[in-house]
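> pasting the sequence and the predicted model now:
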Amino acid sequence: MNPITTWNEMFNLLKIYKECKGHCNVPRSYMEYGKNLGNWLHKQREKKKKGDLNGLREKRLEEVGVAWDVLSEKWEKNYHLLLN
C-alpha cells in the first residue's frame, strides 16, 4: 500500500475517533478497524519531536486537534479546572 494512502487512511480514522470521543488523545494501544491508531499517533508525535514530520501533515494534525505534548495539555486543563 502507498505510504501516502496509509497516512491519509489513519488520519481519517483519527478524525472519526475525534467525532466519537471529542478529542484526539488516543490511547497508544487503541485499535480502530484492525489498525493501531494509538501507535500511529504516537509515531506522528515522535516524528514531530525529531523534526521529521512533514509540515503539511503537522498542520493537518493540528487542525484536527492533536496535542503534541499530551501531559502538558492535561496539566493545563486540570489547572484551569482548579481555578474555576
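Perfect, thanks for sending it.
> tell me the mean pLDDT for the host helix or strand of residue 82?
Per DSSP states H and E: residue 82 is located in helix 70-83. The average pLDDT within helix 70-83 is 71.
> kindly report the same for stretch 19-28.
For stretch 19-28, mean pLDDT rounds to 95.
> what's next to the longest helix along the chain, contact-wise?
Longest helix in the chain by number of residues (criterion: DSSP state H): helix 3-21. The contact list for helix 3-21 (CB atoms under 8 Å, 6 or more residues apart in numbering) reads 24, 26, 30, 32-33, 35, 37, 40-41, 57, 60-61, 64-66. Every residue, glycine included, has its C-beta placed from N, CA and C.
> before we move on, what about stretch 24-37?
9-10, 13-14, 16-18, 38-39, 41-42, 61, 64-67, 70, 73.
> if you set the cut-off to 7 Å instead, what comes out?
If you take CB atoms under 7 Å, 6 or more residues apart in numbering as the criterion, stretch 24-37 is touched by 10, 13-14, 17-18, 38-39, 41-42, 64-67, 70.
> going through the contacts of helix 3-21, which ones are buried?
24, 26, 30, 32, 37, 40-41, 57, 60-61, 66 (16 or more other CB atoms under 10 Å).
> keep only those of those residues that are in helices.
37, 40-41, 57, 60-61.
> pLDDT and distance to residue 5 for the residues you listed - can I get that in TSV?
Formatted as TSV, those follow (pLDDT from 0 to 100; distance: CB to CB, whole Å):
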residue	pLDDT	distance to residue 5
37	97	16
40	97	14
41	97	18
57	98	14
60	98	15
61	98	17
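> how about those residues in JSON lines, adding distance to residue 84?
Below are these laid out as JSON lines (distance: CB to CB, whole Å):
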{"residue": "37", "distance to residue 84": "32"}
{"residue": "40", "distance to residue 84": "34"}
{"residue": "41", "distance to residue 84": "29"}
{"residue": "57", "distance to residue 84": "35"}
{"residue": "60", "distance to residue 84": "32"}
{"residue": "61", "distance to residue 84": "29"}
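> which one of the residues you listed is nearest residue 47?
Taking CB to CB as the measure, residue 47 lies nearest residue 57 of those, at 8.5 Å.
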